[in-house]
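Trainee: When you get a sec, could you give me coordinates for this:
(one chain, ligands or ions: 2)
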Amino acid sequence: MGRKLLLDKAHIEGIRYYKTYRDNGGYAAAEKVLKNMSPDQVVEEVKKSGLRGRGGAGFPTGLKWSFLAKPEGVPRYLVCNADESEPGTFKDRYLMEFIPHLLIEGLLISSFALGANTTYIYIRGEYAWIPDILEQAISEAKEAGWLGKNIQGTGFDLEIYVQRGAGAYICGEETALIESLEGKRGNPRIKPPFPAVKGLYQCPTVVNNVETLATVVPIINIGGEEYAKYGTGKSTGTKLISACGNINKPGVYEIEMNISVEEFIYSEEYCGGIPNGKRLKACIPGGSSVPIVPANLLLKTAKGEARMMTYESLSDGGFATGTMMGSGGFIVLDEDQCVVRHTMTLARFYHHESCGQCSPCREGTGWMEKVLKKIETGKGTLEDIDLLWDIQRRIEGNTICPLGDAAAWPVAAAIRHFRDEFEWHVTHPEEAQLRSFGLAHY
Ligand code: L3W
Ligand code: SF4
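Mentor: Numbers count the residues shown, from 1 in each chain. Ligands and ions are numbered 1, 2, ... in the order given. As a prediction, this is how the structure comes out:
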């Protein structure tokens, strides 16, 4: 069994509630920090741990915290990004729903480290039942003296507020989230300035993902150096992976970042293999925004070594697979899946979710959806495949926020790795049409 740091107590009945959480070692890290550590020491431990942001970008958390500007007399904010909307990603939901106090404890420690007295959890609107769970955890923690004024007699004050989003994917982008939190339309801002300098209400703000902030708890409990012994290389610790698609055991798994992709897909401890003995065709290992990888590149590197579930191995220097660990939304496709249809579905999603501020994204996502629909329904031409390639190329790198790239990459990767399938739709229009209507399969 792989070692666990976040979900090790998830099986305990009643762990959602303060008493059970506390009886099982909860708030020991908060106690350690408040009694024995300075804010700088906490930041140092997080740096030593090598923790990287779990929301998608993998940016070093300790480094981000050390960027936080500290002008005299200006409040600082911590914002927990719980707007988990990336298709295929549902690991933060699991944490918030089943072990909410792990997040509240992580927020307390992180707020203390950053000198933030007000912290917001911005939660995806569709997670309609979770704010109540978080509110209950917050009020239990407050009653036990872990929130409010003069926490545990240290003089440190902290209030945590839960803010619901209204169902817009773009509000998971940190600056759009901040705009939304300020009561405005969730349009991303141009960076720099980064939130660490000018964030919420133009004040220094750290925005971190739910899993990132929850992970601060085991880091403090075992120490940054010990945490860094988990995993390998620049992928230290454990990572939550939400696995879905054509696998026998979809769900949320905590993996130590030292197992192979093959082990993750086929072992009984994790996904349990592919149903009905079907062959693996491809995988999107990090949420819908990261490029699709065909099975041959997914399981082995160009050197014939096992591909690992790590930031480095999945991106392979950004070259061979061109994909990423992303948010850990692991989507498996078996041999029956149509990559063109799949790509069209994603294109529709990004078109719908584009905020419309920049023309390459606003117009390009719509064009990609239209051209993909034409090809998928057997009405496309070979020139349309080149047109599609051209459109995605004009979006990538030319937009305000990463949604443009996120829309372009899946299309580019699908054409790069599965061009024959696009061509098949053009050269077999009648079969493609039947398949599009769900009347025929491979
Ligand atoms: C201060 C600097 N701060 C960078 C901070 C920056 C941000 C973090 C990472 O997009 C990706 C996206 C999705 N001074 C700084 C600095 N920072 N330089 O570091 O920044 P960045 O720009 O690399 O990424 P991002 O804008 O946060 C995140 C991809 O993740 N994604 C995930 C989506 C996940 C969800 C979800 O449901 N959880 O939506 C999937 O792959 O496409 O590329 O905080 O401020 N000099
Ligand atoms: Fe809006 Fe798309 Fe531009 Fe991002 S890239 S700011 S979502 S139009």
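Trainee: Every contact and neighbour count from this point should use C-alpha atoms.
Mentor: Noted.
Trainee: Could you tell me which residues make contact with G404?
Mentor: Taking Cα atoms under 8 Å, 6 or more residues apart in numbering as the criterion, G404 is in contact with 360-361, 365, 395-398.
Trainee: hmm, I was thinking of V206
Mentor: Here V206 is in contact with 64-65, 68, 77-79, 195-196, 199 (Cα under 8 Å, 6+ apart).
Trainee: which helices and strands sit right next to the strand ranked longest in the chain?
Mentor: The longest strand of the chain (DSSP state E) is strand 238-245. On a contact count with 3 or more Cα pairs under 8 Å, 6 or more residues apart in numbering; DSSP states H and E, strand 238-245 meets helix 91-98, strand 251-256, strand 329-334.
Trainee: partners of that strand in the sheet?
Mentor: The strands beside strand 238-245 in its sheet (DSSP bridges) come out as strand 251-256 (antiparallel), strand 329-334 (parallel).
Trainee: pLDDT averaged over the first one, what's the number?
Mentor: It refers to strand 251-256. Looking at strand 251-256 alone, the average pLDDT works out to 98.
Trainee: can you redo the helices and strands packed on strand 238-245 as JSON lines with distance to ligand 2 and mean neighbour count?
Mentor: Supplementary listing: these in JSON lines, determined by distance: least, Cα to the nearest ligand atom, whole Å; neighbours: other Cα atoms under 10 Å:
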{"stretch": "helix 91-98", "distance to ligand 2": "22", "mean neighbour count": "22"}
{"stretch": "strand 251-256", "distance to ligand 2": "28", "mean neighbour count": "20"}
{"stretch": "strand 329-334", "distance to ligand 2": "20", "mean neighbour count": "24"}
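Trainee: So what's the gap between the longest strand of the chain and the chain middle?
Mentor: Averaged C-alpha coordinates place strand 238-245 at 10 Å from its chain's average position (Cα atoms, centre = their mean, to the nearest Å).
Trainee: Could you give the average pLDDT over it?
Mentor: 98.
Trainee: hmm, that strand in reach of ligand 1?
Mentor: No - Strand 238-245 lies out of reach of ligand 1 by Cα under 6 Å from any ligand atom, never closer than 10.9 Å.
Trainee: can you list contacts of that strand?
Mentor: For strand 238-245, the external contacting residues (Cα under 8 Å, 6+ apart) are 4-5, 54, 88-91, 211, 230-231, 250-257, 271, 327-333.
Trainee: Looking at the contacts of G404, which one is closest to S49?
Mentor: S49 has its nearest neighbour among those in G397, at 31.5 Å by Cα to Cα.
Trainee: ok, the closest one touching D405?
Mentor: Yes - contact criterion Cα atoms under 8 Å: G397 and D405 qualify, at 6.5 Å.
Trainee: how about the helices in the stretch 1-150 of the chain?
Mentor: Listed from the start of the chain, the stretch 1-150 of the chain has helices (DSSP state H, counting those that start in this stretch) covering 18-23, 28-36, 39-49, 61-66, 91-98, 100-114, 130-143.
Trainee: Looking at those, which is nearest to Y266?
Mentor: Per Cα to Cα, nearest to Y266 of the helices of the stretch 1-150 of the chain: helix 91-98, 20.0 Å.
Trainee: Show me how far that closest one is from its chain's centre.
Mentor: 13 Å.
Trainee: which residues of the stretch 151-300 of the chain fall in helices?
Mentor: Counting by DSSP H, counting those that start in this stretch, residue ranges of the helices within the stretch 151-300 of the chain are 174-181, 210-222, 224-228, 261-266, 295-299.
Trainee: And the second one, what does it pack against?
Mentor: Okay, so that is helix 210-222. Contact partners of helix 210-222 among helices and strands, from 3+ Cα pairs under 8 Å, 6+ apart: helix 28-36, helix 39-49, strand 77-82, helix 91-98, helix 100-114.
Trainee: Can you lay out these as CSV showing mean pLDDT and distance to T175?
Mentor: What follows is those, written out as CSV (pLDDT from 0 to 100; distance: least, Cα to Cα, whole Å):
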stretch, mean pLDDT, distance to T175
helix 28-36, 98, 29
helix 39-49, 98, 23
strand 77-82, 98, 11
helix 91-98, 98, 20
helix 100-114, 98, 19
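Trainee: any chance of the ones you listed in JSON lines, plus distance to A295?
Mentor: JSON lines is the format used below for those (distance: least, Cα to Cα, whole Å):
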{"stretch": "helix 28-36", "distance to A295": "42"}
{"stretch": "helix 39-49", "distance to A295": "32"}
{"stretch": "strand 77-82", "distance to A295": "31"}
{"stretch": "helix 91-98", "distance to A295": "24"}
{"stretch": "helix 100-114", "distance to A295": "36"}
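Trainee: I'd like these as a markdown table, with distance to ligand 1 appended.
Mentor: Converted to a markdown table, the helices and strands packed on helix 210-222 look like this (distance: least, Cα to the nearest ligand atom, whole Å):
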| stretch | distance to ligand 1 |
| --- | --- |
| helix 28-36 | 24 |
| helix 39-49 | 14 |
| strand 77-82 | 7 |
| helix 91-98 | 8 |
| helix 100-114 | 14 |
